[in-house]
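Q: Output the structure for:
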Amino acid sequence: MARGGLGYEGIGFQAATFKAGAGIKALVEAANRDAVVGIPVVVTSAGDTVDLGNEGDVPFGFIDVYENDGHVGVQFRGFREDVPVVATGVTPGRVCLLDGSGALKDTASGIGVKQSMSKTVTTGATEAGDATVTITAAGKAELADGKDITVTLAVGTATATATAIETALKADEDVKAFFDVTRSTATVILTAKVPADNDDTMEIEFTAGDTGAVMGDTTDVAGVADRKIGLPIFINTDATAKTATVLLG
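A: Numbers count the residues shown, from 1 in each chain. Below you'll find the model as predicted:
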C-alpha cells in the first residue's frame, strides 16, 4: 500500500515461529490457512503460543504464514502493509490496538493513563464562610507550588459542599486548563487532561476555615505517559480499502 511512490513492505522484517492458539485454528477450520495471514495476534500466557487476543490489547505481531502442523510464522518487527483496520479508519502516528474481531483500531491518547486524584467531603459545612482548596501539580507552572482557591460555602450537606468546591475549581483558569474537574455525589475528582509520568507532588488540600466542613484523604490513580516507542504504530491508512501500513517496534 505505497503512498506517493513510497513502499514499506518488507523493510526491517523479522519473524519467529509459534504454536497457533484455538482462535486462530478455528478461523482456519472455518475457511483455510490463507484466511489468517495478516491477522494481528498476541502472545498468550503459554509463552510459546499466539492467538487473537481481546479488544484493547496491543498486538505482538501479524501472522505471516500458517503451517499445516498448527504452527504460525509471526512477523514481530518491521513494516507491514495492507493490514485490516476498523471501518471508521485510523490515524497515522497512533498506537495500534486490537479491535477484538481480527482488525486494528487506534486510541487518541496512546495507552497512557491520566493521573487523577479525588477527595470526599465527609461533613458538609456547619457554618457559612470561606474555605480554601489548594491544588498542586508540577505539570503546570501556576500550580507547581500549590495554588489556593477560595470556596464560599453555605450551610449544607456533604454533597452541597462538594458541589460548591467543584464549581470553584471549574471556575479557576489554571485548574481547568490542566484538569477535568468532576464530582460523584460528595467526591470531587480532578483528572489530568493528558497522560504523563506520575507526579508524586500532585495533591488536593482542604482548609475548612470556620465552616466546619471536613474532607477525607486523597485517593490517587497514578499517571503513565503514552508509550509509543517500541509499540506498533500506524504509518498511513487507506480509508476506502480499510487497510493501513503498520510499523512493528
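
Q: What residues does A31 make contact with?
A: By CB atoms under 8 Å, 6 or more residues apart in numbering, the contact list for A31 is empty. Bear in mind the C-beta positions are built from the backbone N, C-alpha and C, glycine included.

Q: and this structure, what are its domains?
A: Structural domains assigned to the chain are 14-111+227-248, 116-221, following automatic domain parsing.

Q: would TSV of these with mean pLDDT and distance to Y8 be doable?
A: Rendered in TSV, the data for those read as follows (pLDDT from 0 to 100; distance: least, CB to CB, whole Å):
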stretch	mean pLDDT	distance to Y8
domain 14-111+227-248	88	4
domain 116-221	97	28
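
Q: partner strands of the longest strand along the chain, parallel or antiparallel?
A: Using DSSP state E, we find that the single longest strand of the chain is strand 71-84. Here strand 71-84 is paired, per DSSP bridges, with strand 14-20 (antiparallel), strand 61-66 (antiparallel), strand 243-248 (antiparallel).

Q: rewinding a little: JSON lines please, covering the domains of the chain and showing distance to G7.
A: Putting the domains of the chain into JSON lines (distance: least, CB to CB, whole Å) gives the following:
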{"stretch": "domain 14-111+227-248", "distance to G7": "8"}
{"stretch": "domain 116-221", "distance to G7": "33"}
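
Q: And the ones you listed: which comes nearest L6?
A: Nearest of the domains of the chain to L6, taken as CB to CB: domain 14-111+227-248 at 8.8 Å.

Q: Now do that closest one: distance from first to last residue.
A: This stretch, domain 14-111+227-248, spans 10 Å end to end (CA to CA, to the nearest Å).

Q: related to what we said a few turns ago, let me know which of the strands paired with strand 71-84 is tucked in deepest.
A: Sort the strands paired with strand 71-84 by mean neighbour count, taking mean count of other CB atoms under 10 Å, and strand 243-248 sits at the top with a mean of 23.

Q: And the contacts of that one?
A: 1, 3, 8, 61-62, 75-85, 90, 96, 104, 232-238.

Q: ok, of the residues you listed, which come out buried?
A: 1, 8, 61-62, 75-76, 78-81, 83-85, 90, 96, 104, 232-237 (16 or more other CB atoms under 10 Å).

Q: that older thread, C-terminal to the longest strand of the chain, what's the next element?
A: Moving toward the C-terminus from strand 71-84, the next helix or strand (DSSP states H and E) is strand 96-98.

Q: for that following strand, packing partners?
A: Packing partners of strand 96-98 (3 or more CB pairs under 8 Å, 6 or more residues apart in numbering; DSSP states H and E): strand 40-43, strand 104-106.

Q: Find the nearest non-adjacent residue to T152, please.
A: D130 (5.5 Å; CB to CB, 6 or more residues apart in numbering).

Q: Since that was my last question, I'll sign off now.
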